[in-house]
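**Student:** I would like to see how this sequence folds:
(4 chains)
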There are 2 protein chains.
Amino acid sequence: MQKSLRPSTPNMARPTTKDLARVAGVSRATVDRVLNGREGVKSETVEKVTAAIRELGFVRNLSAANLAKSKSYRFIFVLPRSGDQFLDEILRHIHEAGEVFASDMIWAEVQPIDENDPHQIAAFLATLSPGDVDGVAIMAPETPQLRDAMTRLAERGVCALPFISNQALSGDNLVGIDNRAAGKTAATLMGRFIHAPRGQILVIAESMQSRDSLERRLGFDQVINDSFSHLTTLPSLETYGSADRAERVITAATQRNPDIVGVYVMSSEARIPLEVLEKADLPQQIVSIAHERTPFTENALRNGNIDALITQDPGHLVRSAIRRLRALSDNLTTSTSQEKIRIEVLIATNI
Amino acid sequence: MQKSLRPSTPNMARPTTKDLARVAGVSRATVDRVLNGREGVKSETVEKVTAAIRELGFVRNLSAANLAKSKSYRFIFVLPRSGDQFLDEILRHIHEAGEVFASDMIWAEVQPIDENDPHQIAAFLATLSPGDVDGVAIMAPETPQLRDAMTRLAERGVCALPFISNQALSGDNLVGIDNRAAGKTAATLMGRFIHAPRGQILVIAESMQSRDSLERRLGFDQVINDSFSHLTTLPSLETYGSADRAERVITAATQRNPDIVGVYVMSSEARIPLEVLEKADLPQQIVSIAHERTPFTENALRNGNIDALITQDPGHLVRSAIRRLRALSDNLTTSTSQEKIRIEVLIATNI
DNA sequence: AAAATTTTGATGCACGTGCCTCAAAATCGT
DNA sequence: ACGATTTTGAGGCACGTGCATCAAAATTTT
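**Tutor:** Modelled structure (predicted):
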């Protein structure tokens, strides 16, 4: 009984390509050809080698392989230069991850761009060629120019990944969350948190031009209409990132609608609208839900000024993008379960 | 303008120890002595080398280092053999992670133990010695015997980490969530989801012997009492993992208390109690909150039988434990931000 | 100043894989 | 049976670091 609890094999040396060659009855050169999928090996020989791989449980030693290839990766994050707090977090994590991944021969850089100038983005992407860069993660609104540029980039052999900002074209390899589901999540919490028998919900965005906001709004409205029909959602207010404009449109909306019981801030920059709302001093207690964890929103959550946050982990976003870019440029498949970005729900107790 | 957007340095080779030696004006042997903290180097020489490290931005090539050391890690997960669905998930992820980490020369194994027999656990840990094993992640209730065994293990140079199951002693290096905060999170959602003006909350656990359940209960009660005083919490019901007993105690409780408006299932195995409750056919709609994502709870969430789940990502738990064990056995510091296990909130829309 | 000690240099092998060349062997087509 | 072609073998260098040895140089102690 005690014996059965003893760890099985003490320190078995892991099989190497040499062992493979011996067991398969071929030379190391042939093993190499099979392992790296080179031409000119008879199919039965391939079989012998793969059989040996299975038999020995051979796993390629990545350290040795990387060393031999002396390959290094260079990835570029193309990000808007407008510095809201969420972007700052992303930047911080890129630099942090850069240090960690440095020992794996991975360099991550940031290229700020003007997200509203599709030509500039396209022009930048056009300058990239393999040899310079191994992969690009792009956070920018989807435009025909960008789509074209990304297609040409792929043709030239530089892999690209949409990052956070949703792009319909490249659907399932987006590194980011399903914004429609995020909107639904916000709506469900909103609906269940509001106890008033009826009322209106203020919806605030930076701009409804962006696909992200549109999808969040779509999901939000769907759930409110289907499951919380005693509540109504007001038309989206757009701040365009300006505090002045935010103040104007929000105060106008609050005066026009005395029955506001909830506020949903869709944009990743929640500070401006929420500060305006606080000054507005609404008649009743309202439930407010926002997106993304920033120093401001985190603090507001603790104070009770925000009731819930819908977030995506910036560190995970960055690391996932890097891992997936590396897998792409090595033509590997990623372990998908690890790479799914979760829609996180934060309340005061699980910050 | 276009020019400023061009990526800066094409493919700069990374500095090696040779470069360090050249720049510092010493030999590669001395660089090696400094890098690996060996004795017998004058402090000014150390300074010269560290200055060169800073100047060149040298980062040790981990692939090469690992290869040279030809070090491999062997980690053991000591887990209860009682097979609830959450444990099954953990097991699955250990095996999955095992394949991924295999290329990093890391082997992860599972040692099932009878979690209620502290002597058996202690006896097993006593068989482990460095050379056999590099690290152990232990999921078991805290007992004096276990504490002793872990201390002796550490003295022998095998590092150990409490895993999921909270152990007070080793406080901050637990791989898992803060169960008190998890209980608080459950309570906050419970309180806000319940619209009834008053009512009682059923609390079900597998056993209140375990520290985890105690802490969850503590956090839960604190928030209900402080913030939702119109609700009252009933004494914890213990199922001891038996369906029969669960049925008995739960039906007894529901008959005794007609005003139940919420159910909080604290144990990681929510299936049994929830199935019993469904049969019980309570008078009013109740809000139910449970822990851990399993095939059953996930399905119940989709069906609306569960309103929210408080979870910890099993894949993340496993990978984090492995990374931290490696860091421990290399005497490195882990990048803490990545290793914090989040208390996740799942509702039907963000599964 | 000589001896003892500490500090440094020079050099080489090892780790496991990728990649290369050249020749030998096997197989094919006629 | 011959040449042409495909397939395999043998061998070696490279990657960057860890680790070892032994001698040379610098520094301290006597």
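
**Student:** residues near the residue of the stretch 201-350 of chain A found nearest DNA strand D, how many?
**Tutor:** Ranking the residues of the stretch 201-350 of chain A by distance to DNA strand D (Cβ to the nearest atom of the strand) places A:D330 first, at 16.8 Å. No exception for glycine: its C-beta is placed from N, CA and C like everyone else's. Using other Cβ atoms under 10 Å in any protein chain shown, A:D330 has 13 other residues around it.

**Student:** what does the pLDDT read for it?
**Tutor:** Per-residue pLDDT puts A:D330 at 79.

**Student:** give me the distance between it and chain B.
**Tutor:** Counting by Cβ to the nearest Cβ, to the nearest Å, the separation of A:D330 from chain B is 12 Å.

**Student:** can you check A:S320 too?
**Tutor:** Separation of A:S320 from chain B (Cβ to the nearest Cβ) stands at 12 Å.

**Student:** what about chain A, any weak spots by pLDDT?
**Tutor:** Along chain A, the model assigns pLDDT under 70 to residues A:1-12, A:168-171, A:283, A:333-337.

**Student:** in it, which spans are helices?
**Tutor:** In chain A, the segments counted as helices under DSSP state H are A:17-24, A:28-35, A:43-56, A:62-69, A:85-102, A:118-127, A:144-156, A:179-193, A:211-227, A:243-256, A:271-280, A:295-303, A:314-329, A:336-339.

**Student:** for those, which one sits closest to B:L174?
**Tutor:** B:L174 sits nearest to helix A:314-329 of all the helices of chain A, at 20.0 Å, using Cβ to Cβ.

**Student:** quick check: A:M105 touching B:R60?
**Tutor:** No - counting by Cβ atoms under 8 Å, A:M105 sits too far from B:R60 to count as a contact (11.3 Å).

**Student:** out of these two, which sits in the more crowded spot?
**Tutor:** Just comparing A:M105 and B:R60: by other Cβ under 10 Å the higher neighbour count belongs to A:M105, 21 against 14.

**Student:** dump the residue contacts of that one.
**Tutor:** Under the criterion of Cβ atoms under 8 Å, 6 or more residues apart in numbering or on different chains, the contact list for A:M105 reads A:66, A:71-73, B:14, B:61, B:63.

**Student:** which members of these define the maximum pairwise distance?
**Tutor:** Pairwise distances across those (Cβ to Cβ) peak at 13.5 Å, for the pair A:Y73 and B:N61.

**Student:** mind listing what's buried along stretch A:298-315?
**Tutor:** Using 16 or more other Cβ atoms under 10 Å in any protein chain shown as the test for burial, stretch A:298-315 gives A:298, A:300-301, A:305-315.

**Student:** quote the end-to-end distance of it.
**Tutor:** Stretch A:298-315 has its terminal residues 16 Å apart, counting by Cα to Cα, to the nearest Å.

**Student:** chain center to it, what's the gap?
**Tutor:** 18 Å (Cα atoms, centre = their mean, to the nearest Å).

**Student:** coming back round to it: pick the most buried one from the helices of chain A.
**Tutor:** Mean neighbour count (mean count of other Cβ atoms under 10 Å in any protein chain shown) peaks for helix A:179-193 among those, with a mean of 25.

**Student:** name the residues that touch it?
**Tutor:** A:166, A:201, A:211-212, A:215-224, A:227-228, A:231, A:262, A:264, A:266, A:287, A:289, A:291, A:307-308, A:310, A:343, A:345, B:192-193, B:307, B:347-350.

**Student:** hmm, try it at 7 Å
**Tutor:** The contact list for helix A:179-193, computed with Cβ atoms under 7 Å, 6 or more residues apart in numbering or on different chains, reads A:166, A:201, A:212, A:215-220, A:222-224, A:227-228, A:231, A:262, A:264, A:287, A:289, A:307-308, A:310, A:343, A:345, B:192-193, B:347, B:349-350.

**Student:** who in the stretch 101-250 of chain A is up against chain B?
**Tutor:** Near chain B, the residues belonging to the stretch 101-250 of chain A are A:102-104, A:111, A:123-124, A:127, A:132-133, A:181, A:184-185, A:188, A:192-193, A:195 when assessed by Cβ under 7 Å from any Cβ of the partner chain.
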